[in-house]
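# just to be clear, the model below is a prediction. Sequence and coordinates:
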Amino acid sequence: MTLTLHNTLTRRQEPFAPLAPPRVTLYSCGPTVWNYAHIGNFRTFLFVDLLRRWLEASGFDVFHIMNLTDVDDRIIKEAGKQGVTIADLVAPFVVAFNEDRDYLRITPAHEYPRATEFVAPMIRLVEGLLANGAAYRGEDGSVYFSIAKFPAYGRLSQLDKRELKAGASGRISSDEYDKENAQDFVLWKAAKPEDEAVAAAWDAPFGRGRPGWHLECSAMALELIGRRYGAKVLDIHTGGVDLIFPHHEDEIAQSCAFTGEPDFAKVWMHAEFLNVRGTKMSKRFGNITTPRDLRTDGVEPGAIRLLVYQTHYRQRLDLTDHALAAAREGSRRLGEFARRLEAAGAPADGAGFLAAAERLSADFTAALDDDLNAPRAVAAVFEFVTAGNRLLDQGEKPGPRALESWGRTDRVLDVATQGAIYAVSVGQARGPATVLGVGADAAIEDELAEAPPIEADAQSAWALAWARRRGAAKSRRDFKDADRIRDLLKSHGWEVRDTKDGSSHVTRA
RNA sequence: GGCGCCGUAGCCAAGUGGUAAGGCAGAGGUCUGCAAAACCUCCAUUCGUCGGUUCGAUUCCGACCGGCGCCUCCA
């Protein structure tokens, strides 16, 4: 089995063959940090996370770069409105992005280059393009790339098959820059007073100004892989589908014109959109949901990951409350199983587990090797859950093989949710309660508030105290009181579950 | 107008030229004081519509209907 990936360049699925195995250079277009990134953005980053994890699980040595665009029109406009510099405007959103990324358990890239910290390489790139004739200075002082000098322009987006609608945006006529060709794109924008006002202008041999968006990625990618490996071509470049044209098309043009290489990246991969009721999630539609919104609502990261991975990355994903609820339930079940499986771990695998583990590994690998077919990988995982639960019910033991097969899927997908668990032994007069996580041991006779305390730590103690009372009620067969306490705990988000050995588990997601 | 994508059970969602994975929800059962969790069973003769190719199509081709994206410095 070999890994095959869909390449936007060829519109086909191809066996993945990095330029210098086992090394893989992976560049991902990251967020523009002008605001909080929404889960539509994070859908793409979760796709990248899966790619990254699967490449590493497959034995590749990945060097992952994700840029942070910290200078662009939106940032300058917003900074101007607020009367702050772009650096000040952006700072909190960079922090927020990192927090959200960590919350979603996305593996951090090795490098997060920021555009404003790579101005020098950008200037060198523009100089190179001016020197070899691919770029020219407009009368407004900006520098443009001439697509007439780059015959391969349009390969990625199959531009030769398109016919740009004149004035589709209604903005071409209002374009104040003077380009030689309407499709030429700006590499370096001449500084304007608004740019200066927010500290978004740099000196350059060809005039003071700021980098164009497309330029950033090329300069940063080439700089970083050049510095580290002396390479000029990326193995994989990722982004959202909306970046295919013109962003990635322009990156290819300027990069290849600069390096003389036929490719900027060997494989281009693009994630489809996440939609809300059929429409793409976007600030201007007012249908934004951010990871922090979901976090506030108590949605577990594993559930969000599961939701995303249950749809193929090249397929649009529709976010609904129903889909989210389904993912939460599924994620919870996976976590429940994981705990059960690990607790039953034995030195040797039972025959049933051996067979189930083989099947899981084979199905899981085949699915992800097939252009990251995560939905199929998830299906294989659930099939193992069902089989594993049955085997456990029959008393069979999972050994190293089963645990490793399971562990591998968990490391790649990372979609399970394990609620915090606290256990109390009750009803058997075996001495003090077995308490995991907290040391509270309130006497049964003490007064106990019906409402939980405010402090998080005290809450578990409170729940455990009630659980012990319920245990006492149970042992004197006062089931009415026992049920009342269970309902009380449930209304505050705690679940009580009795086990066969007479103890009770109290859990909170 | 150009380029492209999608339409599979109540919901989400894989998939193959030979008669449909998985998840969630739902129904019944086992277990339990009752629950919960777990397990078992059931839950699309059918894959937008109409044609065509084929021994056979949900899967290939065409048309149509419906939804969506890009062509705007949007992931």
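Sure, I can see it. Numbers count the residues shown, from 1 in each chain, chains lettered A, B, ... in the order given.

# just the pLDDT at whichever residue of the stretch 101-250 of chain A sits closest to RNA strand B, thanks.
In the stretch 101-250 of chain A, the residue found nearest to RNA strand B is A:G240; the distance is 1.4 Å by C-beta to the nearest atom of the strand. C-betas here are computed from N, CA, C, even on glycine. pLDDT recorded at A:G240 is 94.

# that one against A:M269, yeah?
No. At 10.5 Å, A:G240 and A:M269 do not qualify as touching, with contact defined as C-beta atoms under 8 Å.

# more neighbours: the two, which one.
Neighbour tally, A:G240 and A:M269, criterion other C-beta atoms under 10 Å: the higher count belongs to A:M269, 23 against 20.

# can you give me the neighbour number for A:N389?
The burial count for A:N389: 15, using other C-beta under 10 Å.

# which SS class is it?
Three-state call for A:N389 (DSSP: H, G, I helix; E, B strand; the rest coil): helix.

# contacting residues around it?
A:337, A:340 (C-beta atoms under 8 Å, 6 or more residues apart in numbering).

# let's see it at 10 Å
Shown in contact with A:N389 (C-beta atoms under 10 Å, 6 or more residues apart in numbering): A:333, A:336-337, A:340-341.

# any idea how far it lies from A:L341?
Look at A:N389 and A:L341: by C-beta to C-beta, to the nearest Å, they are 9 Å apart.

# same check, this time on A:P18
From A:P18 to A:L341 the distance is 35 Å (C-beta to C-beta).

# check A:N275 too.
As judged by C-beta to C-beta, A:N275 and A:L341 stand 35 Å apart.

# returning to what we had before: from the contacts of A:N389, which is closest to RNA strand B?
Relative to RNA strand B, and with distances defined as C-beta to the nearest atom of the strand, the nearest of the contacts of A:N389 is A:R333, at 3.9 Å.

# leaving out sequence neighbours, find the closest residue to A:A231.
Spatial nearest neighbour of A:A231, excluding adjacent residues (C-beta to C-beta, 6 or more residues apart in numbering): A:I225 at 4.3 Å.

# tell me which strands the lowest-mean-pLDDT helix or strand in chain A pairs with, and in which orientation.
Here the helix or strand of chain A ranked lowest by mean pLDDT, DSSP states H and E is strand A:420-425, holding a mean of 74. Here strand A:420-425 is paired, per DSSP bridges, with strand A:503-508 (antiparallel).

# the strand it pairs with near RNA strand B anywhere?
No. Counting by C-beta under 7 Å from any atom of the strand, RNA strand B is not contacted by strand A:503-508; separation bottoms out at 7.6 Å.

# now that strand: buried residues?
Residues of strand A:503-508 classed as buried by neighbour count (16 or more other C-beta atoms under 10 Å): A:503-507.

# picking up where we left off before, compare A:N275 and A:L341 (neighbour count), which wins?
A:L341 (21 against 17).

# rounded mean pLDDT for the helix or strand harbouring the more buried one, please.
For A:L341, the enclosing helix or strand under DSSP states H and E is helix A:321-343. On average, the pLDDT along helix A:321-343 is 93.

# do the same with stretch A:91-108
97.

# show me which residues of it are buried.
A:93-94, A:96-97, A:100-101, A:103-104, A:106.

# that one close to RNA strand B?
No. Counting by C-beta under 7 Å from any atom of the strand, RNA strand B has no neighbours in stretch A:91-108; the shortest distance is 10.4 Å.

# RNA strand B contacts on the stretch 201-350 of chain A?
A:212-213, A:239-247, A:271, A:273-275, A:278-282, A:310-312, A:315-318, A:320, A:322-323, A:325-327, A:329-330, A:333, A:336-337.

# now, those residues that are in strands?
The members of these that map onto strands under DSSP state E are A:239-240, A:271, A:274-275, A:279-280, A:317-318.

# OK, contacts around A:H38?
Going by C-beta under 10 Å, 6+ apart, the list of residues near A:H38 reads A:31, A:100, A:274, A:276, A:281-283, A:287-293.

# for A:L464, report the pLDDT, please.
On the pLDDT scale, A:L464 gets 86.

# so for stretch A:44-54, mean pLDDT?
97.

# ok, now stretch A:281-294?
Average pLDDT, stretch A:281-294: 88.

# just the buried residues of the residues of the stretch 201-350 of chain A next to RNA strand B.
For these, buried by 16+ other C-beta under 10 Å: A:212-213, A:239-240, A:243-247, A:271, A:273-275, A:280-281, A:310-312, A:317, A:327, A:330, A:336-337.

# in JSON lines: the buried residues of stretch A:91-108, plus distance to A:A190.
Below are those laid out as JSON lines (distance: C-beta to C-beta, whole Å):
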{"residue": "A:F93", "distance to A:A190": "27"}
{"residue": "A:V94", "distance to A:A190": "27"}
{"residue": "A:A96", "distance to A:A190": "32"}
{"residue": "A:F97", "distance to A:A190": "30"}
{"residue": "A:D100", "distance to A:A190": "35"}
{"residue": "A:R101", "distance to A:A190": "35"}
{"residue": "A:Y103", "distance to A:A190": "40"}
{"residue": "A:L104", "distance to A:A190": "39"}
{"residue": "A:I106", "distance to A:A190": "37"}
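
# strands - which of those land there?
Among the buried residues of stretch A:91-108, no member falls in strands (DSSP E).

# ok, back up a step: ok, the nearest residue to the residue of the stretch 101-250 of chain A closest to RNA strand B once chain neighbours are set aside - contacts?
Once flanking residues are discounted, A:G240 sits nearest to A:T44: 4.8 Å by C-beta to C-beta, 6+ apart. Contact partners of A:T44, counting by C-beta under 10 Å, 6+ apart, are A:28-31, A:37, A:238-243, A:270-274, A:308, A:313.

# mind checking pLDDT for the residue lying closest to A:S157 once chain neighbours are set aside?
In this structure, A:S157 finds its nearest non-sequential neighbour in A:F245, 3.7 Å apart by C-beta to C-beta, 6+ apart. Looking at A:F245, its pLDDT is 89.

# likewise A:E445?
A:E445 is given a pLDDT of 57.

# check the one 4 residues further on too.
As summarised for this prediction, A:A449 has a pLDDT of 86.

# for it, which non-adjacent residue is closest in space?
A:W462 (7.3 Å).

# quick check: that neighbour touching A:R468?
No. At 11.0 Å, A:W462 does not count as touching A:R468 under the criterion of C-beta atoms under 10 Å.

# so A:F93 makes contact with A:P31?
Yes. Using C-beta under 10 Å, A:F93 is in contact with A:P31, at 8.2 Å.

# shared neighbours of these two, which are they?
What both A:F93 and A:P31 touch, as defined by C-beta under 10 Å, 6+ apart, is the set A:37, A:68, A:70.

# check these against RNA strand B and report the nearest one.
A:A37 (6.9 Å).

# did I read that right, that closest one in a strand?
No. Secondary structure of A:A37 (three-state DSSP): coil, not part of a strand.

# what is the burial count for it?
Neighbours of A:A37 (other C-beta under 10 Å): 23.

# and it, how close does it get to A:R484?
Counting by C-beta to C-beta, the gap from A:A37 to A:R484 is 45 Å.

# can you give me the helices in the stretch 301-450 of chain A?
A:301-309, A:321-343, A:351-369, A:374-393, A:400-413 (DSSP state H, counting those that start in this stretch).

# make a markdown table from the ones you listed and add distance to A:D49 to it.
Conversion of the helices of the stretch 301-450 of chain A to a markdown table gives the following (distance: least, C-beta to C-beta, whole Å):
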| stretch | distance to A:D49 |
| --- | --- |
| helix A:301-309 | 8 |
| helix A:321-343 | 16 |
| helix A:351-369 | 13 |
| helix A:374-393 | 11 |
| helix A:400-413 | 10 |
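
# looking at the ones you listed, which one is packed in the most?
helix A:301-309 (a mean of 25; mean count of other C-beta atoms under 10 Å).

# just checking, what packs against that one?
helix A:39-57, helix A:86-103, helix A:291-296, strand A:317-319, helix A:321-343, helix A:374-393, helix A:400-413 (3 or more C-beta pairs under 10 Å, 6 or more residues apart in numbering; DSSP states H and E).
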